[in-house]
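**Student:** quick one, fold the following:
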Amino acid sequence: MKKIFKILILSLFSCNIALADLYDLKIDLNTSEKTTKKIFIKKGFASKCTAFLEDSNENSSLSINIYSIEDKVNMNIAVSLDDGNESGSVSFDYEVKINRDGSLGKKKYTGKKLTGSSTFKKEIKPYVKIFKNLGNMVFDDQGYYPNYGMPLKSVPIIIDGNKLFKKMINLIAKSMPEQSKQLKKVGSHIIKNSDINVTKEYIGYSEIGGERYNLIRYKFKIDYLGNDPEYRNFTNDFNIDQVTFFHDSGLPTITYDIIPYSDTPMHHSMVCKVYENNSLISEISVPILKDPKKIKNLNKLDPKRIVDQLKSLNDLYKSGVLTKEEFEKAKKKILN
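**Tutor:** Next up, the predicted model:
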(Lines give C-alpha, C1' and ligand atoms only; values in the text may rest on other atoms or scores of the structure.)
Protein backbone atom coordinates (compact mmCIF):
# COMPACT_ATOMS: atom_id res chain seq x y z
CA MET A 1 0.00 0.00 0.00
CA LYS A 2 2.82 2.41 0.81
CA LYS A 3 4.32 1.87 -2.63
CA ILE A 4 1.03 2.77 -4.29
CA PHE A 5 0.83 6.10 -2.48
CA LYS A 6 4.45 6.96 -3.27
CA ILE A 7 3.90 6.25 -6.96
CA LEU A 8 0.66 8.24 -6.89
CA ILE A 9 2.34 11.27 -5.35
CA LEU A 10 5.04 11.21 -8.04
CA SER A 11 2.43 11.09 -10.77
CA LEU A 12 0.40 13.99 -9.50
CA PHE A 13 3.28 16.45 -9.66
CA SER A 14 3.81 16.61 -18.59
CA CYS A 15 -2.15 23.35 -42.69
CA ASN A 16 -0.70 19.88 -42.01
CA ILE A 17 -3.00 17.03 -41.12
CA ALA A 18 -0.93 14.02 -40.21
CA LEU A 19 -2.90 10.80 -40.31
CA ALA A 20 -0.53 10.22 -37.63
CA ASP A 21 0.35 7.48 -35.47
CA LEU A 22 1.38 9.73 -32.60
CA TYR A 23 3.83 7.04 -31.66
CA ASP A 24 1.34 4.16 -31.47
CA LEU A 25 -1.84 6.22 -31.12
CA LYS A 26 -4.09 6.07 -34.19
CA ILE A 27 -5.29 9.66 -34.23
CA ASP A 28 -5.47 12.50 -36.72
CA LEU A 29 -3.06 15.12 -35.41
CA ASN A 30 -3.54 18.61 -36.83
CA THR A 31 -0.27 20.54 -36.62
CA SER A 32 -1.22 23.49 -38.82
CA GLU A 33 -2.34 25.75 -35.97
CA LYS A 34 0.83 27.21 -34.50
CA THR A 35 -1.02 29.48 -32.06
CA THR A 36 -4.43 28.68 -30.59
CA LYS A 37 -7.06 30.99 -29.21
CA LYS A 38 -6.70 31.77 -25.51
CA ILE A 39 -7.23 28.73 -23.29
CA PHE A 40 -9.88 29.07 -20.61
CA ILE A 41 -11.53 26.66 -18.21
CA LYS A 42 -15.17 26.85 -19.26
CA LYS A 43 -17.88 26.69 -16.62
CA GLY A 44 -20.33 23.80 -16.56
CA PHE A 45 -17.79 21.17 -17.61
CA ALA A 46 -16.41 18.20 -15.68
CA SER A 47 -13.67 15.67 -16.28
CA LYS A 48 -13.98 12.33 -14.46
CA CYS A 49 -11.06 9.92 -14.74
CA THR A 50 -10.58 6.46 -13.25
CA ALA A 51 -7.69 4.00 -13.32
CA PHE A 52 -7.58 0.53 -11.81
CA LEU A 53 -4.22 -0.49 -10.45
CA GLU A 54 -2.66 -3.69 -9.23
CA ASP A 55 0.46 -3.98 -7.11
CA SER A 56 1.45 -7.35 -5.66
CA ASN A 57 -1.67 -8.58 -3.85
CA GLU A 58 -3.19 -5.13 -3.54
CA ASN A 59 -6.08 -4.03 -5.74
CA SER A 60 -6.53 -0.30 -5.96
CA SER A 61 -8.36 2.32 -7.96
CA LEU A 62 -7.60 5.98 -8.47
CA SER A 63 -10.14 8.59 -9.52
CA ILE A 64 -9.51 12.23 -10.38
CA ASN A 65 -12.64 14.34 -10.80
CA ILE A 66 -12.50 17.99 -11.85
CA TYR A 67 -15.48 20.36 -11.95
CA SER A 68 -15.61 23.94 -13.26
CA ILE A 69 -18.16 26.00 -11.35
CA GLU A 70 -18.56 29.72 -11.99
CA ASP A 71 -15.25 31.32 -10.97
CA LYS A 72 -13.51 28.26 -9.54
CA VAL A 73 -12.37 24.73 -10.26
CA ASN A 74 -12.88 21.90 -7.80
CA MET A 75 -10.69 18.79 -7.88
CA ASN A 76 -11.22 15.53 -6.00
CA ILE A 77 -8.52 12.85 -5.84
CA ALA A 78 -9.66 9.52 -4.39
CA VAL A 79 -7.87 6.23 -3.78
CA SER A 80 -9.58 2.97 -2.86
CA LEU A 81 -7.82 -0.21 -1.75
CA ASP A 82 -9.34 -3.68 -1.51
CA ASP A 83 -6.88 -5.84 0.39
CA GLY A 84 -8.49 -7.60 3.32
CA ASN A 85 -7.76 -5.88 6.62
CA GLU A 86 -6.02 -3.01 4.79
CA SER A 87 -9.12 -2.07 2.77
CA GLY A 88 -10.36 1.48 2.77
CA SER A 89 -10.78 4.66 0.77
CA VAL A 90 -9.57 8.22 1.10
CA SER A 91 -10.35 11.30 -0.94
CA PHE A 92 -8.86 14.79 -0.95
CA ASP A 93 -10.50 17.98 -2.20
CA TYR A 94 -8.87 21.07 -3.70
CA GLU A 95 -10.11 24.39 -5.02
CA VAL A 96 -8.58 26.77 -7.56
CA LYS A 97 -9.85 30.29 -8.22
CA ILE A 98 -10.36 31.41 -11.83
CA ASN A 99 -9.37 35.05 -12.33
CA ARG A 100 -11.26 37.45 -14.59
CA ASP A 101 -8.63 37.17 -17.32
CA GLY A 102 -8.90 33.36 -17.30
CA SER A 103 -5.65 32.79 -15.45
CA LEU A 104 -5.71 30.72 -12.29
CA GLY A 105 -5.37 32.29 -8.88
CA LYS A 106 -5.30 31.05 -5.32
CA LYS A 107 -5.16 27.28 -4.79
CA LYS A 108 -6.09 25.54 -1.60
CA TYR A 109 -6.76 22.19 0.03
CA THR A 110 -10.35 22.04 1.29
CA GLY A 111 -10.65 18.73 3.12
CA LYS A 112 -10.60 14.95 3.10
CA LYS A 113 -12.85 11.93 3.65
CA LEU A 114 -11.44 8.74 5.14
CA THR A 115 -13.15 5.38 5.63
CA GLY A 116 -11.92 1.83 6.11
CA SER A 117 -10.08 -0.48 8.48
CA SER A 118 -7.95 0.73 11.36
CA THR A 119 -4.88 -0.62 9.53
CA PHE A 120 -5.71 1.42 6.43
CA LYS A 121 -6.25 4.59 8.46
CA LYS A 122 -2.93 4.07 10.23
CA GLU A 123 -1.08 3.51 6.96
CA ILE A 124 -2.58 6.59 5.28
CA LYS A 125 -1.87 8.94 8.18
CA PRO A 126 1.71 9.89 7.10
CA TYR A 127 0.44 10.82 3.63
CA VAL A 128 -2.37 13.17 4.65
CA LYS A 129 -0.01 16.13 5.04
CA ILE A 130 1.51 15.38 1.63
CA PHE A 131 -1.87 15.48 -0.07
CA LYS A 132 -2.64 18.72 1.74
CA ASN A 133 0.55 20.22 0.31
CA LEU A 134 -0.42 19.00 -3.15
CA GLY A 135 -2.98 21.80 -3.10
CA ASN A 136 -0.15 24.17 -3.98
CA MET A 137 0.70 22.10 -7.07
CA VAL A 138 -2.81 21.59 -8.45
CA PHE A 139 -2.94 23.11 -11.95
CA ASP A 140 0.68 24.24 -11.48
CA ASP A 141 2.00 25.88 -14.66
CA GLN A 142 5.39 24.30 -13.95
CA GLY A 143 3.75 20.99 -14.76
CA TYR A 144 2.05 19.91 -17.97
CA TYR A 145 -0.88 22.30 -17.57
CA PRO A 146 -1.30 25.16 -20.06
CA ASN A 147 -0.86 28.75 -18.95
CA TYR A 148 -4.56 29.51 -18.67
CA GLY A 149 -5.75 32.81 -20.08
CA MET A 150 -3.00 32.62 -22.73
CA PRO A 151 -2.92 30.95 -26.16
CA LEU A 152 -1.03 27.72 -26.72
CA LYS A 153 1.98 28.01 -29.01
CA SER A 154 3.98 25.36 -30.83
CA VAL A 155 7.19 26.65 -29.24
CA PRO A 156 8.74 24.90 -26.24
CA ILE A 157 8.30 26.70 -22.91
CA ILE A 158 11.40 26.29 -20.74
CA ILE A 159 10.72 25.64 -17.04
CA ASP A 160 13.24 26.04 -14.21
CA GLY A 161 14.15 22.39 -13.69
CA ASN A 162 16.22 22.89 -10.54
CA LYS A 163 13.42 24.75 -8.80
CA LEU A 164 10.78 22.21 -9.79
CA PHE A 165 12.92 19.21 -8.83
CA LYS A 166 13.64 20.70 -5.41
CA LYS A 167 9.90 21.24 -4.86
CA MET A 168 9.19 17.62 -5.79
CA ILE A 169 11.95 16.23 -3.56
CA ASN A 170 10.71 18.21 -0.58
CA LEU A 171 7.20 16.86 -1.13
CA ILE A 172 8.40 13.25 -1.43
CA ALA A 173 10.57 13.66 1.66
CA LYS A 174 7.49 14.61 3.66
CA SER A 175 5.84 11.34 2.63
CA MET A 176 8.85 9.38 3.94
CA PRO A 177 9.75 11.09 7.23
CA GLU A 178 12.16 8.33 8.22
CA GLN A 179 14.20 9.06 5.07
CA SER A 180 13.57 12.81 4.86
CA LYS A 181 17.12 13.97 5.57
CA GLN A 182 18.61 11.42 3.20
CA LEU A 183 16.22 12.35 0.39
CA LYS A 184 16.98 16.04 0.76
CA LYS A 185 20.68 15.22 0.70
CA VAL A 186 20.20 13.17 -2.45
CA GLY A 187 18.17 15.99 -4.03
CA SER A 188 20.83 18.57 -3.23
CA HIS A 189 23.57 16.36 -4.69
CA ILE A 190 21.61 15.75 -7.91
CA ILE A 191 20.87 19.44 -8.42
CA LYS A 192 24.57 20.29 -8.02
CA ASN A 193 25.72 17.49 -10.33
CA SER A 194 23.06 17.42 -13.03
CA ASP A 195 21.48 19.25 -15.91
CA ILE A 196 17.73 19.27 -15.29
CA ASN A 197 15.77 20.19 -18.40
CA VAL A 198 12.00 20.69 -18.30
CA THR A 199 9.88 21.86 -21.24
CA LYS A 200 6.27 21.81 -22.34
CA GLU A 201 4.99 22.41 -25.85
CA TYR A 202 1.69 22.49 -27.72
CA ILE A 203 2.10 19.93 -30.52
CA GLY A 204 -1.31 20.16 -32.21
CA TYR A 205 -4.90 19.11 -31.73
CA SER A 206 -7.09 16.16 -32.56
CA GLU A 207 -10.84 15.79 -33.11
CA ILE A 208 -11.97 12.71 -31.18
CA GLY A 209 -15.63 11.76 -31.15
CA GLY A 210 -16.52 15.24 -32.39
CA GLU A 211 -14.66 16.94 -29.54
CA ARG A 212 -11.43 18.90 -29.81
CA TYR A 213 -8.45 17.92 -27.68
CA ASN A 214 -5.31 20.07 -27.44
CA LEU A 215 -2.15 18.02 -26.98
CA ILE A 216 0.66 19.26 -24.73
CA ARG A 217 3.98 17.42 -24.66
CA TYR A 218 5.81 17.60 -21.33
CA LYS A 219 9.46 16.59 -20.97
CA PHE A 220 11.35 16.30 -17.70
CA LYS A 221 14.88 14.98 -18.10
CA ILE A 222 17.74 14.76 -15.64
CA ASP A 223 21.23 14.28 -17.08
CA TYR A 224 23.24 13.17 -14.06
CA LEU A 225 26.89 14.11 -14.58
CA GLY A 226 28.29 12.42 -11.47
CA ASN A 227 29.79 8.93 -11.14
CA ASP A 228 27.68 7.44 -8.35
CA PRO A 229 25.43 4.66 -9.81
CA GLU A 230 22.91 4.96 -6.96
CA TYR A 231 22.23 8.59 -7.77
CA ARG A 232 22.00 7.73 -11.45
CA ASN A 233 19.39 5.04 -10.70
CA PHE A 234 17.42 7.48 -8.55
CA THR A 235 17.15 9.98 -11.42
CA ASN A 236 15.68 7.42 -13.81
CA ASP A 237 12.16 7.88 -12.37
CA PHE A 238 12.37 11.58 -13.15
CA ASN A 239 12.99 11.18 -16.87
CA ILE A 240 9.55 11.82 -18.33
CA ASP A 241 8.32 12.34 -21.89
CA GLN A 242 4.53 12.39 -22.15
CA VAL A 243 1.56 13.91 -23.95
CA THR A 244 -1.55 15.09 -22.09
CA PHE A 245 -4.90 15.53 -23.83
CA PHE A 246 -6.73 18.71 -22.78
CA HIS A 247 -10.39 18.89 -23.74
CA ASP A 248 -11.56 22.10 -25.42
CA SER A 249 -13.16 23.04 -22.10
CA GLY A 250 -9.62 23.47 -20.72
CA LEU A 251 -9.81 20.40 -18.49
CA PRO A 252 -7.09 17.72 -18.51
CA THR A 253 -7.91 14.11 -19.37
CA ILE A 254 -5.56 11.22 -20.18
CA THR A 255 -1.77 11.18 -20.32
CA TYR A 256 0.16 9.09 -22.85
CA ASP A 257 3.74 8.22 -21.89
CA ILE A 258 6.07 8.28 -24.88
CA ILE A 259 8.82 6.86 -22.69
CA PRO A 260 7.37 4.27 -20.26
CA TYR A 261 8.20 4.63 -16.57
CA SER A 262 6.78 3.60 -13.19
CA ASP A 263 3.48 5.48 -13.64
CA THR A 264 2.80 4.25 -17.18
CA PRO A 265 0.49 1.34 -16.22
CA MET A 266 -1.68 3.80 -14.30
CA HIS A 267 -1.69 6.44 -17.07
CA HIS A 268 -2.44 3.92 -19.82
CA SER A 269 -5.28 2.24 -17.90
CA MET A 270 -7.06 5.51 -17.17
CA VAL A 271 -10.47 6.19 -18.70
CA CYS A 272 -11.65 9.81 -18.76
CA LYS A 273 -15.19 11.03 -19.38
CA VAL A 274 -16.00 14.68 -20.11
CA TYR A 275 -19.38 16.14 -19.19
CA GLU A 276 -21.11 19.38 -20.17
CA ASN A 277 -23.96 20.42 -17.88
CA ASN A 278 -24.02 16.84 -16.49
CA SER A 279 -24.36 15.26 -19.96
CA LEU A 280 -21.62 12.94 -21.18
CA ILE A 281 -20.04 14.39 -24.33
CA SER A 282 -16.76 12.49 -24.66
CA GLU A 283 -14.91 9.41 -23.48
CA ILE A 284 -11.20 8.89 -24.01
CA SER A 285 -8.47 6.42 -23.02
CA VAL A 286 -5.15 5.19 -24.36
CA PRO A 287 -6.58 1.75 -25.34
CA ILE A 288 -9.32 3.50 -27.35
CA LEU A 289 -6.79 5.71 -29.14
CA LYS A 290 -4.66 2.69 -30.04
CA ASP A 291 -7.57 0.99 -31.82
CA PRO A 292 -8.72 2.49 -35.16
CA LYS A 293 -12.07 0.65 -34.93
CA LYS A 294 -12.84 2.14 -31.51
CA ILE A 295 -11.93 5.63 -32.73
CA LYS A 296 -14.24 5.14 -35.73
CA ASN A 297 -17.08 4.10 -33.40
CA LEU A 298 -16.53 7.23 -31.31
CA ASN A 299 -17.01 9.35 -34.40
CA LYS A 300 -20.34 7.72 -35.29
CA LEU A 301 -23.51 9.66 -34.55
CA ASP A 302 -25.37 8.29 -31.52
CA PRO A 303 -29.05 9.40 -31.70
CA LYS A 304 -29.82 8.28 -28.13
CA ARG A 305 -26.92 10.33 -26.79
CA ILE A 306 -28.16 13.41 -28.67
CA VAL A 307 -31.69 12.98 -27.28
CA ASP A 308 -30.32 12.59 -23.73
CA GLN A 309 -28.19 15.71 -24.12
CA LEU A 310 -31.12 17.78 -25.43
CA LYS A 311 -33.36 16.56 -22.58
CA SER A 312 -30.75 17.49 -19.95
CA LEU A 313 -30.22 20.85 -21.63
CA ASN A 314 -33.94 21.57 -21.68
CA ASP A 315 -34.22 20.69 -17.98
CA LEU A 316 -31.43 23.14 -17.15
CA TYR A 317 -33.14 25.86 -19.19
CA LYS A 318 -36.52 25.30 -17.53
CA SER A 319 -34.97 25.34 -14.06
CA GLY A 320 -33.36 28.71 -14.78
CA VAL A 321 -29.75 27.49 -14.68
CA LEU A 322 -29.25 28.49 -18.33
CA THR A 323 -30.34 31.70 -20.02
CA LYS A 324 -32.18 31.48 -23.33
CA GLU A 325 -29.04 32.58 -25.17
CA GLU A 326 -26.92 29.91 -23.44
CA PHE A 327 -29.61 27.31 -24.12
CA GLU A 328 -29.81 28.10 -27.85
CA LYS A 329 -26.03 28.14 -28.21
CA ALA A 330 -25.64 24.78 -26.46
CA LYS A 331 -28.51 23.25 -28.44
CA LYS A 332 -26.97 24.37 -31.72
CA LYS A 333 -23.64 22.81 -30.72
CA ILE A 334 -25.30 19.46 -29.97
CA LEU A 335 -27.31 19.39 -33.21
CA ASN A 336 -24.29 20.32 -35.28
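
**Student:** what about Tyr218, which SS state?
**Tutor:** Here Tyr218 is recorded as strand under DSSP: H, G, I helix; E, B strand; the rest coil.

**Student:** next, give phi and psi for the residue lying closest to Gly102 once chain neighbours are set aside.
**Tutor:** For Gly102, ignoring the flanking residues on the chain, the nearest one in space by Cβ to Cβ, 6 or more residues apart in numbering is Gly149 at 3.4 Å. Backbone N, C-alpha and C define where each C-beta goes, glycine included. Here is the backbone geometry of Gly149 (degrees, to the nearest 10): phi 90, psi 0.

**Student:** surely Gly149 and Ser103 touch.
**Tutor:** Yes. Look at Gly149 against Ser103 with Cβ atoms under 8 Å: they come within range, at 3.8 Å.

**Student:** was I right about Asn59 contacting Glu86?
**Tutor:** No. With contact defined as Cβ under 8 Å, Asn59 does not reach Glu86; the gap is 10.6 Å.

**Student:** who has more neighbours, the two?
**Tutor:** Glu86 (18 against 14; other Cβ atoms under 10 Å).

**Student:** quick one: the more buried one and Ser60, what's the gap?
**Tutor:** 10 Å (Cβ to Cβ, to the nearest Å).

**Student:** what about Gly105, helix or strand, and which?
**Tutor:** strand 104-116 (DSSP states H and E).

**Student:** list the buried residues of that strand.
**Tutor:** 104, 107, 109, 116 (16 or more other Cβ atoms under 10 Å).

**Student:** show me where the stretch 101-250 of the chain has helices.
**Tutor:** 118-133, 161-175, 180-192, 229-235 (DSSP state H, counting those that start in this stretch).

**Student:** please identify which of the ones you listed is closest to Tyr261.
**Tutor:** helix 229-235 (11.5 Å; Cβ to Cβ).

**Student:** not counting that closest one itself, show me its contacts.
**Tutor:** For helix 229-235, the surrounding residues in contact (Cβ atoms under 8 Å, 6 or more residues apart in numbering) are 186, 189-190, 193-194, 222, 224, 226.

**Student:** now do the helix or strand containing Asn297: which elements does it pack against?
**Tutor:** Assigned by DSSP H and E, Asn297 belongs to helix 292-298. Applying 3 or more Cβ pairs under 8 Å, 6 or more residues apart in numbering; DSSP states H and E, one finds that helix 292-298 contacts strand 25-30, helix 286-289.
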